[in-house]
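Undergrad: Kindly return the folded structure for what I paste below:
(chains A and B)
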Amino acid sequence: MSGKVAYINARVVDPASGLDTPASESGGVLVDGTRIAAIGPGIFNGGQPADAVIADCDGAVLAPGLVDMRVDFCEPGSEHKEDIESGSRAAAAGGVTAVVTLPDTDPVIDDASVLEFVARRARDVKLVKVFAYGSVTRGAGSDEIVEMGLMKQAGAVAFTNGRNAVANAKTLSRALKYALAFDALVVQHAEEPALANGGVMQSGELATRLGLPGIPREAETIMLDRDIALARMTGGRYHAAHVSTAEGVDRIRAAKADGLRVTCDTAPPYFALNELAVGEYRTFAKLSPPLRSEEDRQAIVAGLADGTIDCIASDHFPQDQEAKRLPFELAEFGAAGLESLLALTLELVHNGHLELPAALAKVTVRPAELLDLPVGRLYAGAPADLVLFDPDRPTRIEPDRFTSKSKNSPFDGRLVQGQVIQTVVDGRTIYTADD
Amino acid sequence: MGIQDLSPDEITYLLDLSDKYAEHNRARGPKYDLMRDKILINLFFEESTRTRTSFELAGMRLGADVINISVANSSIKKGETIVDTAMTLNAMHADALVVRHSNAGAVALLSEKVNCAVINGGDGSHEHPTQALLDALTIRRRKGYLQGLLVALCGDVAHSRVARSNIYLLQTMGARVRVIAPPTLVPSSMERLGVEVFHDMRAGLEDCDIVMMLRLQRERMEGSFVPSVHEYFEFYGLDYNKLQHAKPDALIMHPGPMNRGVEIDSDVADDIDRSLIREQVEMGVAVRMACLDVLTRERFVTAK
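TA: Alright, predicted model coming up:
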């Protein structure tokens, strides 16, 4: 772990500082031990340090390791689907060096002891940096707010009820208000549960043809309207998770224009797929929120391009075969996402919607800023959390080769561009691609 | 698996063949031996006396050995059971399988796992193809044709697989379809299926040749979908008063089992001149014979 590594011949991209240097032998990143010692063009003008190992990056992109603000590692409680170790390995393979796990595990992360369990397991596994949300309310379903202050002290980076919406308006308004004392962000699964209840895919022609109960798009809009009003009322920091509809993007855009402390993210399925992926009852495309229409997908892309949508999260939600090999209505929601996050984010670049630094900002510095995490940036003195990737290499998403315990990807077989070559956490290489 | 996959020629062929079987059955002709030494399994994850008996009879009339398996212990039917059941059935070397399940797509899922012909006996709110075929046969025998007819589907369209299969079939064969139901029982984007939607039954029945009633699942009646049976019958139950808005020779159909006094008045249901309900049951056996015949002639690996 000690010793120096000189990364040369890399296009170094740091969205936080705007740094984007062409590959050269005289510039790059110098890592000393666990931290970055120097970065930028010309740092090796006087030659690389004699005591450094030279890592020739061959023109690939060197960027901050990805920060994934929403994953489920299913531990404690559902270790047969994923655990902190397998999830961390999947993250490493995806170029992700920091994750934030959801609290709706079993038991729910609603007090400091469960947080400490997750932290201890992550320390033992010692791969990527594992941060955790605390739940907003006890059991992630009650109306009793958790000990936000104590949990924040114990390491909770923000508060969310995970895949359950905080349905009670009074509870959410109290949570938003109380969280102000600790400058904590409240993250909401913005879906009106009574309206969505029983639905398994987006309402509309396809659901009608398939004979499946639908979830109307208004389930998202109604919740966002209400929540934004509460954010306005309380002045609290509100973040909408996985926004999926055109109207949802509009609501967030308007709230931001009004100066409210409202942010949001989306996940690759919502900018790279639409409801047609459900096809003939493909349960891998059963997601929450559901895949929407093509117009929605385009609006999500536009929201990413104009900055309305701050972040991209993988929404990694592993499901074992038994949970997915069921009739559509009975199958579980969710998709494994960590190992396809980078390539799908790069689609936005290849399709001309975002420049590379802007796209990377949504999976590095933006989530780090929102959650106040000491990661996602490259500067002298910063932890050496890096991803080296070839942004152009054609590849195919092959869930069978996923490192994750679960292989449930709606992107099965999709042709993409972009391949992780190496992942580094605190100066230590934790993943290297086979070829 | 569904009517959606069938072309007009395929439908016509099945109806012609069914017609032949209908005549044979009506003349009390002897049993066929087309399926002799073949095994037909009726696998019902959801109770149904009518459809199961009809398939059972159809199989027997063709000379098959028929077994009924009821997995209808109505606790949650885990899909694991479906896949496991498929494995078990493979080991039994069935030649044809009729499957009914309460979840849309479940029959297709099962058919991927077994290596014999599978007939969809109704899956959730998705399709019920043999019902649509028998309805079409019943209409064709009475009217002589399907093209250009105006058919009204009335009632609980939202939860009805019969409605979906009938819409696909009738449209494929050139008939026009109307849907008449309270707005809460019309699924979203219904008009995208090419049907006209009416919420006023009298207006909807205007000029109709066929009035096809759908069963109202009474368990879904209370509260959220329809306030009460009483109100439902008042506005959407078929009685002579409403029927007079349809064509004078309009025929009445119902897939059964009927809720008399809920969606249909007893007098109308039993009207010998206008009600085809009993004939529908009769045609059911013929249609199912035709389907079994076609699907077991050659050993298809997967049924379509």
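
Undergrad: can we go C-alpha only for contacts and neighbour counts from here?
TA: Fine.

Undergrad: who's in contact with B:Tyr236?
TA: B:Tyr236 makes contacts with B:154-155, B:181-182, B:201, B:263, as judged by CA atoms under 8 Å, 6 or more residues apart in numbering or on different chains.

Undergrad: Please tell me how far it sits from B:Ala132.
TA: 22 Å (CA to CA, to the nearest Å).

Undergrad: that older thread, among the contacts of B:Tyr236, which one has the most neighbours?
TA: B:Cys154 (29 neighbours; other CA atoms under 10 Å in any protein chain shown).

Undergrad: B:Ile180 is in contact with that one, correct?
TA: Yes: the pair B:Cys154 / B:Ile180 is scored as a contact, 4.6 Å apart, by CA atoms under 8 Å.

Undergrad: Find the closest residue to chain B in the stretch 51-200 of chain A.
TA: Residue nearest to chain B within the stretch 51-200 of chain A (CA to the nearest CA): A:Val200, separated by 11.3 Å.

Undergrad: I'd say that residue and A:Gly214 touch.
TA: Yes: between A:Val200 and A:Gly214 there is a contact at 5.8 Å, judged by CA under 8 Å.

Undergrad: The contacts of B:Tyr236 in helices, which ones?
TA: B:Met201 (DSSP state H).

Undergrad: Can you list the residue ranges for helices in the stretch 51-200 of chain A?
TA: A:84-93, A:112-125, A:148-153, A:169-179, A:193-196 (DSSP state H, counting those that start in this stretch).

Undergrad: Next: the stretch 201-304 of chain B.
TA: So, for the stretch 201-304 of chain B - with DSSP H, counting those that start in this stretch - the helices run B:201-205, B:229-236, B:240-243, B:266-269, B:277-297.

Undergrad: With respect to B:Gly144, which of the ones you listed lies nearest?
TA: helix B:277-297 (15.0 Å; CA to CA).

Undergrad: what residues does chain A put near chain B?
TA: A:203-205, A:208-212, A:280-281, A:322, A:325-330 (CA under 8 Å from any CA of the partner chain).

Undergrad: A:Ile430 falls within a strand, correct?
TA: Yes: per DSSP: H, G, I helix; E, B strand; the rest coil, A:Ile430 lies within a strand segment.

Undergrad: need the contact list for it.
TA: A:92, A:127, A:422-424.

Undergrad: In TSV, list those residues along with neighbour count.
TA: Formatted as TSV, those follow (neighbours: other CA atoms under 10 Å in any protein chain shown):
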residue	neighbour count
A:Ala92	29
A:Leu127	24
A:Gln422	23
A:Thr423	29
A:Val424	24
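
Undergrad: Just put those in CSV and tack on pLDDT.
TA: Conversion of those to CSV gives the following (pLDDT from 0 to 100):
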residue, pLDDT
A:Ala92, 98
A:Leu127, 97
A:Gln422, 97
A:Thr423, 98
A:Val424, 98
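
Undergrad: so for stretch A:172-190, what's the average pLDDT?
TA: Stretch A:172-190 shows a mean pLDDT of 97.

Undergrad: Equivalent analysis for stretch A:260-276, please.
TA: Taken as a whole, stretch A:260-276 has a mean pLDDT of 98.

Undergrad: if I pick the residue of the stretch 51-200 of chain A closest to chain B, what's in contact with it?
TA: Per CA under 8 Å, 6+ apart, neighbours of A:Val200: A:212-215, A:286, A:290, A:328-329.

Undergrad: Burial check on residue 230, number of neighbours?
TA: In the absence of a named chain, chain A is used. By other CA under 10 Å, neighbour count at A:Leu230 equals 20.

Undergrad: wrong one, chain B
TA: B:His230 has 12 nearby residues by other CA under 10 Å.

Undergrad: again, but for the one 3 residues further on
TA: For B:Phe233, the count of nearby residues is 17 (other CA under 10 Å).

Undergrad: Tell me who's in contact with the closest residue to it other than its chain neighbours.
TA: The shortest distance from B:Phe233 to any non-neighbouring residue, by CA to CA, 6 or more residues apart in numbering or on different chains, is to B:Val262 (5.2 Å). Contact analysis of B:Val262 by CA under 8 Å, 6+ apart lists B:216, B:229-230, B:232-233, B:237.

Undergrad: Against chain A, how distant is B:Val262?
TA: 24 Å (CA to the nearest CA, to the nearest Å).

Undergrad: Got the confidence number for that residue?
TA: 91.

Undergrad: what does the one 4 residues further on give?
TA: Each residue has a pLDDT score; the one for B:Ser266 is 94.

Undergrad: Packed most tightly, which of the helices of the stretch 51-200 of chain A would that be?
TA: Greatest average neighbour count among the helices of the stretch 51-200 of chain A goes to helix A:84-93 (a mean of 26), per mean count of other CA atoms under 10 Å in any protein chain shown.

Undergrad: So which bits of chain B are right by chain A?
TA: So chain B meets chain A at B:78-80, B:82, B:103-106, B:109, B:124-127, B:158-159, B:161, B:164, B:187-190, B:192-193 (CA under 8 Å from any CA).

Undergrad: let's see it at 6 Å
TA: Proximity of chain B to chain A, by CA under 6 Å from any CA of the partner chain, involves residues B:79, B:105-106, B:125-126, B:188-189.

Undergrad: Just the buried residues out of the residues you listed, in ChimeraX syntax.
TA: Selection of buried members from the residues of chain B next to chain A for ChimeraX, criterion 16 or more other CA atoms under 10 Å in any protein chain shown:
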select /B:79,105,106,125,126,188
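
Undergrad: So which of the residues of chain B next to chain A are in strands?
TA: Among the residues of chain B next to chain A, no residue falls in strands (DSSP state E).

Undergrad: Lowest pLDDT pick from the residues of chain B next to chain A?
TA: Lowest confidence among the residues of chain B next to chain A: B:Gly79, with 52.

Undergrad: Next one, pLDDT for the residue lying closest to B:His245 once chain neighbours are set aside please.
TA: Spatial nearest neighbour of B:His245, chain neighbours left out: B:Glu206 (5.1 Å); criterion: CA to CA, 6+ apart. Per-residue confidence (pLDDT) for B:Glu206: 97.
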